[in-house]
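Chemist: build the 3D model from these lines:
(chains A and B)
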Amino acid sequence: MMSTKAREALVERLLSRGTVDVVVRERLRERLLGDRPLRVKLGVDPTRPDIHLGHYVCFRKLREFQALGHQVVVIIGDWTARIGDPSGRSAQRPMLTAEEVQANAQTYLEQFFKVVDVSRAEIVWQSTWFGTFTLEDVIRLASKYTVAKLLTREDFAKRYEQGSPISITELLYPLLQAYDSVAIQADVEIGGTDQLFNLLVGRDIMREYGLEPQDVLTVPLLVGTDGTLKMSKSYGNYIAVNEPPTEMFGKIMSIPDHVLGDYLRLLTDLPDDEIDALLAGMANGSINPRDVKERLAVLIVSDLHSPEAAENAREYFHRVHRLRELPEEMPVVSVPPRTRVIELVVRAGFARSNNEARRLVAQGGVRLDGRRVEDPEEVVEITEPIVLQVGKRRFARLLPSPVPD
RNA sequence: GGGGGGAUGCCCGAGUGGCCAAAGGGGCCUGGCUGUAAACCAGGUGCGAAAGCUGCGGGGGUUCGAAUCCCUCUCCCCCCA
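Modeler: Model prediction:
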């Protein structure tokens, strides 16, 4: 058992580090310190199983709750997923089949439990209650809320003003999500800041159904690898949680320097004062941002893969990007003993068409055993293994194949 | 029920008969620089060995020639009721 003091420190950290809104702060603090394990809700959208570091922020927060002995309740939004998502704009999302939802949920959870402790988590499918929901139930739920209130949500308000479409299901979405809290009797719900409205609707609806309203905690949206927009699959600026260690490491190394502070605070457990020191050091030039990034990358890869994997990834990065040497391991491709360079590039999977391969050669991006290839039409005699390199970071070991084709 | 707007390359978005393989931006790729896959700078970015072919929602047509004009279909959006 940890001391009261240690416990208080953890609670303080949970409430302040990497959080945006905490409603109601004092009440949550008390309950966190209390004896009863809280039911901490996280709603999951099983339409997209692409989990990235943005989600990781949330997962880490849940882990903090668990460390204090609280219970995580994951809700698989299998019903709302099939109705459609409220983030609107992009054309109507195709309805998913039950099997697709099932499969997506599966992959989601696999990644989720890399971070969150399974033994203190409960997985609940939304269809448990919505599966038997009647029209009467829907109407009762809908009657508890008003259009005016829903329109206070910023994106709804904006779209309404602009005359952009808002479907009824979109308006229903926050209510359904709120009802989940009723169904599982949530004590706390967490989500990204963009979820604040929905989380608060949960409070109102719970009250309507005669329950104690849940407390709400939001975490910031992580900035993507472009350094500007929030991390998201659709912006293509994300680092996936299940990225192979080397890729993950490299992508973290490629984030712009100015987002390092956010990343350190939201994705690692480094103490605040240490982070401040690092940032100050970078600001006055005494610390190379690259070294900080490397430390960040090691920490994240260690947590999501393993310390060994992180160490290997670090070595790989050094070798390939700093020393410009060949990696220890690379894919092996067998090729006919006499082949044009462009074809080698295509066969190795580094170009999708001959034209693309030709361009790569023309731009000086193709090397054979370190020798830069000048002529795309060059025919290469391959009698023993030779290393093909494209750009700075793509390598393949070419072996002559016995059977010409 | 009535009226109007729109569909362009991975994405956003310009383009209203030839100079359009299609401006511009983003993304991505390559090179340079850098003890970073950062920042910055430069270039590239449909397919084909080539001739050339395919391409601007689908189909059909007009024309020497169409992303651009006409017909038709599909889909999306807005306004009024």
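
Chemist: so who does A:Arg340 touch?
Modeler: A:Arg340 makes contacts with A:Pro376, A:Glu377, A:Glu378, A:Val379, A:Val380, as judged by CB atoms under 8 Å, 6 or more residues apart in numbering. All C-beta atoms are positioned from the backbone trio N, CA, C, and that covers glycine.

Chemist: low-confidence regions, the stretch 151-300 of chain A specifically.
Modeler: Across the stretch 151-300 of chain A, the ranges flagged by pLDDT under 70 are A:162-165.

Chemist: on that earlier part again, now the buried members of the contacts of A:Arg340.
Modeler: Buried members of those, counted by 16 or more other CB atoms under 10 Å: A:Pro376, A:Val380.

Chemist: how about the residues of the stretch 251-400 of chain A by RNA strand B?
Modeler: Contact residues, the stretch 251-400 of chain A versus RNA strand B (CB under 7 Å from any atom of the strand): A:251, A:253-257, A:289-290, A:293, A:317, A:320-322, A:352-356, A:359-360, A:363-365, A:390-394.

Chemist: wait, which of the contacts of A:Arg340 is closest to A:Ala98?
Modeler: A:Ala98 has its nearest neighbour among the contacts of A:Arg340 in A:Pro376, at 50.7 Å by CB to CB.

Chemist: wait, that closest one sits on A:Asn355?
Modeler: No: at 9.9 Å, A:Pro376 and A:Asn355 do not qualify as touching, with contact defined as CB atoms under 8 Å.

Chemist: and A:Leu15, how many neighbours?
Modeler: Other residues within reach of A:Leu15, judged by other CB atoms under 10 Å, total 16.

Chemist: quick one: contacts for it?
Modeler: Residues in contact with A:Leu15 (CB under 8 Å, 6+ apart) are A:Val22, A:Arg25, A:Leu28, A:Arg29, A:Leu32, A:Leu217.

Chemist: which residue is the nearest non-sequential neighbour of the last one?
Modeler: The one in question is A:Leu217. Nearest residue to A:Leu217, sequence neighbours excluded (CB to CB, 6 or more residues apart in numbering): A:Ile190, at 4.7 Å.

Chemist: name the SS class of the one you found, please.
Modeler: Counting by DSSP: H, G, I helix; E, B strand; the rest coil, the backbone at A:Ile190 sits in strand.

Chemist: show me the domain layout of chain A.
Modeler: What automatic domain parsing lists as the domains of chain A is A:4-219, A:245-322, A:332-400.

Chemist: for A:Tyr235, find the nearest of those.
Modeler: Nearest of the domains of chain A (CB to CB): domain A:4-219, 10.6 Å.
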